[in-house]
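> This is a predicted model, with the sequence first.
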Amino acid sequence: PEMFEAGIVLQEMGTEGDTYCTMYVYFAPEEHLPVYMDSMKYDLQKVSIRKIFVDTEEYLIKVNEKTKKFYAGEDGCWGSYTELYRKENGERLTDAVIVFLCMPDEMKFQEMEAVMEELFEKLPVIDKEKKETGQEPKRTR
């Protein structure tokens, strides 16, 4: 939906000498983005998760008109697509989408960070400490 904003979390995991990089891209209305970026959801929401498979040794990430090709080195599962939704009057309404991607093994954190800054150059920074005011539904992890 047009009302969605985006937030990105880049991570380097593992131990020294054996690390891998991952990326989460969160899409949701700006006022709810901090909830999802904190790995939470609202109780009334349902979750649908689909794995992202590649059947070649490469995959593309396209953001607006910018495209970056990644060489994965092998086919298989390289991420997931999570949709948080609710039913309202029998209609399925998407509240948020979370895209998780593993970066190629050879990619270092600084390289991933530079590539994502290029792809998402106009992405606003969302303060994860921002507090919501007023009544809101209960949140769960």
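Ah, there it is.
> what about the closest residue to residue 83 other than its chain neighbours, which helix or strand?
Of all residues beyond its chain neighbours, the one nearest residue 83 is residue 48 (4.5 Å), with distances taken as Cβ to Cβ, 6 or more residues apart in numbering. C-beta coordinates here come from the backbone N, C-alpha and C atoms, glycine included. Secondary structure from DSSP states H and E places residue 48 in strand 46-54.
> still on that earlier bit, hmm, residue 85 and the residue nearest to residue 83 touching each other?
Yes. Taking contact to mean Cβ atoms under 8 Å, the distance of 6.8 Å between residue 48 and residue 85 places them in contact.
> Is residue 113 located within a strand, as I assumed?
No. Using DSSP: H, G, I helix; E, B strand; the rest coil, the assignment for residue 113 is helix, not a strand.
> When residue 48 and residue 85 are compared, which one has more neighbours?
residue 85 (17 against 12; other Cβ atoms under 10 Å).
> ok, now which ones touch that one?
Contacts were defined as Cβ atoms under 8 Å, 6 or more residues apart in numbering; by that measure residue 85 touches 45, 46, 48, 92, 93, 94, 95.
> which among those residues end up buried?
Using 16 or more other Cβ atoms under 10 Å as the burial test, the contacts of residue 85 include 45, 95 as buried.
> What is the nearest of the contacts of residue 85 to residue 57?
Residue 57 lies nearest to residue 48 out of the contacts of residue 85, by Cβ to Cβ, at 28.0 Å.
> Residue 21 looks like it's in a strand, true?
Yes. Read with three-state DSSP, residue 21 is one of the residues of a strand.
> That one bridge partners, please.
Taking DSSP bridges, one finds residue 12 as the beta-bridge partners of residue 21.
> Could you report the separation of it from residue 40?
Summarising the geometry, the distance separating residue 21 from residue 40, computed by Cβ to Cβ, to the nearest Å, is 24 Å.
> The two - which one has more neighbours?
Using other Cβ under 10 Å, the more surrounded residue of residue 21 and residue 40 is residue 21, with 22 against 12.
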